[in-house]
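Enquirer: what's the 3D shape of this:
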Amino acid sequence: MTGPTGAPSLHPVASGVLIRGGRVVDATGPRVADVLVEGGRIAAVGGDLAAGMPSGVTVLDASGCVVAPGLVDLHTHLREPGDEEAETIHTGARAAARGGYTAVIAMPNTDPPLDDAAVVAAVLARGADAACEVVAGGCITRGREGRELAPLGELHDLGVRVFTDDGACLSDAGVMRRAMEYARSLPGAVIAQHAEDPALCGHGSMHEGAWSARLGVPGRPAEAEAVIVDRDLRLAALTGTPLHVLHVSTAQAVESIREAKAAGLAVTAEATPHHFTLTDAACAGFDPVFKVHPPLRTAADRDAVRAGLADGTLDAIATDHAPHRTEEKERPFEEAPPGMLGLETALALTLTELVEPGLLTLEQALGALSWRPAAIAGLSDRHGGPIAPGGVANLCVFDPAATWEVDPTKLASRARNTPFAGRKLTGRVRHTVLAGRPTVVDGRCADGG
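Expert: Numbering: from 1, shown residues only. All right, here's what the predicted structure looks like:
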């Protein structure tokens, strides 16, 4: 089966799956219902579907659980090709499935980068039998060097819809304008920006502020994000091209995006769990696990990000899952690479930090994790849709009351660089179903990985 946008084949479907006894929550609202899956699609949604159920159907117990559309991550680093010791497409996809994800956008800052049709095709082929759908992002510029445009049209023909030089800011306004003008002619294409002006960031390793001054660590000022966001919003208005702002971290950027949306601009934006959970004070111990770009910011910035998610200024919660080899991440703070794991903790952090305190409703949280990112990435035909007969059975079942402690050694990712080690969280994925096939059952990957 080939996806309508050129996505690789999904898993062969199971003979049938019954998700029994759960509370269904999707964009249409909550209700208590069983969900019957046949032939990779939802066959029925209703009360006590076990009666008259055909033989050979796999029953997944959802008692006390929420049954939701599968989660979609707009921002995953799978490291393959080039750094398979940190992560591979298959280990990253297992981590995603364990976190309730049925689709991830693989960022293009690999080695070689995803700026070439042959490399993109190889990634899609490699991900065809993974535990979630692997959707390739594409570079805006060749080599992510910010000078010459990548062959956006060729990549678009392979199903690429999100174009970004993530990990590097496209700082040249002229090149960004040309990219937006080109993308405007490609149906569904979105230009996504890592908004950090490199001239302002320099060699900074954490947020520039009171903590960086106290620690003697070079900083990355909030203005580095703000000036790029403001510039790109103007270019989006000029060209009429949709803009997506990656991992928003500052109050200034949230406010600029809020004003742009009020003016009717086609802009979307995402926030990461670490930016709505942690602050730059976490860097006080010089532990490189807390080093990330853009950096952890102040409590005021964190609160602004939370408010942006609550009022819809920020559309999506994205993980920015960034695995690193242990020996790399254990270097001195200023020498260590930036990045954190995120796929297996994102849902629980959202429930713990945003839903439990009442900042977001469960429906708002799932919208930010599932159907809104699916829409941004052009995946709404098969991910994030209402749980109703005829829909593709990409589903996540989680226990919103389950508590657990993050243990890096028990994560499915090949890497261990989570900043949440030892933290007690509420909410855990129990089952994940991809195109009708269980990929996670009772918290364990069905393929044994």
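
Enquirer: Just the CA atoms of stretch 278-296, as CSV, please.
Expert: Output of stretch 278-296 as CSV, limited to C-alpha atoms (Å, rounded to 0.1, in the frame of the first residue of the first chain):
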residue,chain,number,x,y,z
LEU,A,278,12.7,23.1,32.0
THR,A,279,14.5,26.4,32.5
ASP,A,280,18.1,27.6,32.1
ALA,A,281,18.5,27.0,35.9
ALA,A,282,18.8,23.3,35.0
CYS,A,283,22.3,24.1,33.5
ALA,A,284,23.6,25.1,36.9
GLY,A,285,25.4,21.8,37.3
PHE,A,286,27.1,22.0,33.9
ASP,A,287,25.4,18.7,32.9
PRO,A,288,25.5,18.6,29.1
VAL,A,289,22.2,16.6,29.1
PHE,A,290,20.5,20.0,29.5
LYS,A,291,22.3,21.6,26.6
VAL,A,292,20.0,22.1,23.6
HIS,A,293,19.5,24.6,20.7
PRO,A,294,17.5,26.8,21.1
PRO,A,295,18.5,26.7,24.7
LEU,A,296,16.4,26.3,27.8
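
Enquirer: Of all the residues in it, which ones are buried?
Expert: 278-280, 282-283, 288-296 (16 or more other C-beta atoms under 10 Å). Using the backbone N, CA and C atoms, a C-beta is placed for each residue, glycine as well.

Enquirer: Same check on stretch 184-191?
Expert: By 16+ other C-beta under 10 Å, the buried positions in stretch 184-191 come out as 186, 188, 189, 190, 191.

Enquirer: and if you look at stretch 36-43?
Expert: 36, 37, 38, 40, 41, 42, 43.

Enquirer: Distance-wise, check the residue sitting nearest the centre point of the chain relative to residue 93.
Expert: With distances taken as C-alpha atoms, centre = their mean, residue 73 lies nearest the centre of the chain, 2.5 Å away. Distance of residue 73 to residue 93, given as C-beta to C-beta, to the nearest Å: 11 Å.

Enquirer: what is in contact with those two at once?
Expert: residue 104 (C-beta atoms under 8 Å, 6 or more residues apart in numbering).

Enquirer: Next, the residue lying farthest from the centre of the chain: secondary structure please.
Expert: Ranked by distance from the centre of the chain (C-alpha atoms, centre = their mean), the top residue is residue 52, with 39.0 Å. Three-state assignment for residue 52 (DSSP: H, G, I helix; E, B strand; the rest coil): coil.

Enquirer: pLDDT at it, what is it?
Expert: Per-residue confidence (pLDDT) for residue 52: 71.

Enquirer: any chance you could read off phi and psi for it?
Expert: Main-chain dihedrals, residue 52, degrees, to the nearest 10: phi 70, psi 20.

Enquirer: Equivalent analysis for residue 203, please.
Expert: Note on residue 203: backbone dihedrals following degrees, to the nearest 10 are phi -100, psi 30.

Enquirer: Which residue is the nearest non-sequential neighbour of the residue nearest to the centre of the chain?
Expert: Nearest non-adjacent residue to residue 73, counting by C-beta to C-beta, 6 or more residues apart in numbering: residue 104, 4.4 Å away.

Enquirer: what's next to the strand or helix carrying that neighbour, contact-wise?
Expert: Assessed by DSSP states H and E, residue 104 sits inside strand 101-106. Outside of strand 101-106, the residues within contact range by C-beta under 8 Å, 6+ apart are 69-78, 89, 92-93, 96, 114, 123, 127, 132-137, 162, 321, 343, 374, 377, 379, 383, 394-396, 432-434.
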